[in-house]
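Enquirer: Dropping the sequence and predicted coords here.
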Amino acid sequence: MARALELSTQFLGAVFHKKAIPIPGDKLWVSMHTAAPQGVQDSSEVDYPGYKRVPVTRNADGWVIEGLQAANADMLSFPMVKEGGPFLITHFGIGTDADGEGRLLYQGALGFTLQINRGIVPFFEPGTLVVIERT
């Protein structure tokens, strides 16, 4: 929760004190979740052998922005489920770290449940992961 509080504090500083929000790296990392993540990216994150977050470049090739919405520009494929399951994926996360607790920047409900089992390569079609910036 400390990282979520840190990001919220940085956002307030950006809005009210005109400070930049430091977001490291040239990639964002997409994760799959079995429930809404709570503050950090590894909260309710799916866990199967070989699972890894998917990197997406922080530019127009990686993300489409229209108005107050951003969405994945390309299909995002995760490693195949070789053991375990079924897993019911209901949410996604977008953060700054390839693994671990990570700084969770955005999270959202999928609007559907993605059931993944052994032998499945989970993926999200372009435009599936939609982030809406509230005004």
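Expert: Nice, I can see it.

Enquirer: longest strand of the chain?
Expert: Ranked by number of residues, the top strand in the chain under DSSP state E is strand 104-116.

Enquirer: which helices and strands sit right next to that strand?
Expert: Packing partners of strand 104-116 (3 or more CB pairs under 8 Å, 6 or more residues apart in numbering; DSSP states H and E): helix 2-17, strand 27-33, strand 87-95, strand 130-132. Yep, even glycine has a C-beta here, placed from its N, CA and C like the rest.

Enquirer: in stretch 102-111, what counts as buried?
Expert: Going by neighbour count (16 or more other CB atoms under 10 Å), the buried part of stretch 102-111 is 102-108, 110.

Enquirer: List the contacts of the following helix or strand past the longest strand of the chain.
Expert: Next helix or strand after strand 104-116 toward the C-terminus (DSSP states H and E): strand 123-124. Outside strand 123-124, the residues that touch it by CB atoms under 8 Å, 6 or more residues apart in numbering are 30, 72, 75-78, 92.

Enquirer: Run through this structure and note the low-pLDDT ranges.
Expert: 1-5, 7-8, 15, 135 (pLDDT under 70).

Enquirer: mind redoing it with 90?
Expert: Residues of the chain meeting the criterion pLDDT under 90: 1-25, 39, 67-68, 84-85, 102-103, 132-135.

Enquirer: what's the distance between the residue of it positioned farthest from its centre and residue 9?
Expert: Most distant residue from the mean C-alpha position of the chain: residue 17, 27.5 Å away (CA atoms, centre = their mean). Distance, residue 17 to residue 9, using CB to CB, to the nearest Å: 11 Å.

Enquirer: measure residue 115 to residue 42 for me?
Expert: Using CB to CB, residue 115 is found at 21 Å from residue 42.
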